[in-house]
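Peer 1: what shape does this take:
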Amino acid sequence: MTWVRERVELLLFVVSTGLLLVGGVFWLVGPGEWGEALWVAGTVLGLVFSVAWTAIAIRGGRLSVDVIALLALAGALWVGEPFAGAVITVMLATGQLLEDRAAVRARRELSLLLERAPRTARRLVDGGVVEISVDEVAVADRVLVCRCRGEN
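Peer 2: This is a model prediction of the structure:
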């Protein structure tokens, strides 16, 4: 179950794209009703996820574009445009997948940046230079800044 939770955006993308494509095949070569039924299924799938993501966003005190997706999906079902709804679901899934990937990459890059952050500073005092922890640097301190190769 943890595997599914970690990959929910990817699974939504794969399933919604599959429903859209297989629905298109049925719509083109027959029976068209099956194609429309698959598109409705894709739209409902997107609607379920959109409602969940919107509820989470509202609980967090922020609104996001998920509200627009929610309205678009409900509207597609309301006016009988299952193909449009299925396309919106794929777009929603793609956006969520890209957002998740960007967040993972940002966390990784920030972690790497923090690993390279200096741990010590060189404070200028009357008698010369004293090496201290960066936590000990105060506002009025004079510090020596140099670009030293191989050192923090």
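Peer 1: hang on, residue 9 packs against residue 92?
Peer 2: No. Under the criterion of Cβ atoms under 8 Å, residue 9 makes no contact with residue 92, lying 9.8 Å away. Placement of C-beta: from N, CA and C, glycine included.
Peer 1: higher neighbour count, those two?
Peer 2: Set residue 9 next to residue 92 and count neighbours by other Cβ atoms under 10 Å: residue 92 wins out with 27 against 19.
Peer 1: from residue 27, how far out is that one?
Peer 2: In this view, residue 92 and residue 27 are 21 Å apart by Cβ to Cβ, to the nearest Å.
Peer 1: and if you look at residue 35?
Peer 2: Using Cβ to Cβ, residue 35 is found at 3 Å from residue 27.
Peer 1: neighbour count for these two, which is higher?
Peer 2: Neighbour comparison, residue 35 and residue 27: the larger count goes to residue 35, with 23 against 18 (by other Cβ under 10 Å).
Peer 1: by mean pLDDT, flag the weakest helix or strand of this protein.
Peer 2: Least confident helix or strand, the chain: helix 2-6 with a mean of 69, by mean pLDDT, DSSP states H and E.
Peer 1: and the following helix or strand past that one, how far out from the chain middle?
Peer 2: The C-terminal neighbour of helix 2-6 among helices and strands, as given by DSSP states H and E, is helix 8-29. Averaging C-alpha positions (Cα atoms, centre = their mean, to the nearest Å) puts helix 8-29 21 Å from its chain's average.
Peer 1: helix or strand next in line after helix 8-29, which one?
Peer 2: helix 32-59.
Peer 1: scan the chain for its longest helix.
Peer 2: helix 82-115 (DSSP state H).
Peer 1: tell me the mean pLDDT for that one?
Peer 2: Average pLDDT, helix 82-115: 92.
Peer 1: which strands and helices lie in contact with that helix?
Peer 2: helix 8-29, helix 32-59, helix 66-78 (3 or more Cβ pairs under 8 Å, 6 or more residues apart in numbering; DSSP states H and E).
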